[in-house]
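[1] Here is a sequence together with a model predicted from it:
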Amino acid sequence: MTFPKCRGQQLVLLGLALAASVAAKASDKRAEQPYALIFGTVYSPNNRPAYGVRVKIRRADQKKARWDLYSDHQGEFAQRVPAGTADYFVEAEPEGKHAPKAETTVHVQNDERVDIGLHLK
């Protein structure tokens, strides 16, 4: 039994459509998971937004930072963390051995957004 050429092309298109559907469902599952957001701004010693400052975030009950990111041109950063009640330790450390650091503890309840400011000394 032989199939016309157009039948083979239709099967390929059907396979691509199914693959796209499966990929979309997988991304929907990731999007459905609740999360909290830690949003912050890093300020330089002269109270201006600080660009390119390394920000480390870890749960207060852990020793090693789980998230490592950098502030953008407006001095801002944002990190999704698992939803639920937890305390997080946030530390901003600019480059340089004797550069001033800033740190704070953040308390998160469920799936909320928490805004913070880190002022380098």
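    Received the coordinates, thanks.

[2] residue ranges with poor pLDDT in this protein?
    1-18, 22-31, 97 (pLDDT under 70).

[3] Helix, strand, or coil at the residue positioned nearest the centre of it?
    The residue lying closest to the centre of the chain (Cα atoms, centre = their mean) is Q79, at 3.6 Å. Following DSSP: H, G, I helix; E, B strand; the rest coil, we place Q79 in the strand state.

[4] quick one, domains of the chain?
    1-32, 34-119 (automatic domain parsing).

[5] most tightly surrounded among the ones you listed?
    domain 34-119 (a mean of 15; mean count of other Cβ atoms under 10 Å). The way it works is simple: take the backbone N, C-alpha and C, and place the C-beta from them, glycine included.

[6] how close does Y88 sit to P34?
    Using Cβ to Cβ, to the nearest Å, Y88 is found at 16 Å from P34.

[7] Ignore what I typed, I meant R54.
    28 Å.

[8] just the helices in the chain please.
    Counting by DSSP state H, the chain has these helices, from start to end: 5-32.

[9] could you list every residue that touches the closest residue in space to E93 that isn't next to it in sequence?
    The shortest distance from E93 to any residue other than its chain neighbours is 4.9 Å, reached at K101 (Cβ to Cβ, 6 or more residues apart in numbering). K101 sits next to E91, A92, E93, P94, L120, K121 when contact means Cβ atoms under 8 Å, 6 or more residues apart in numbering.

[10] Perfect, that will be all.
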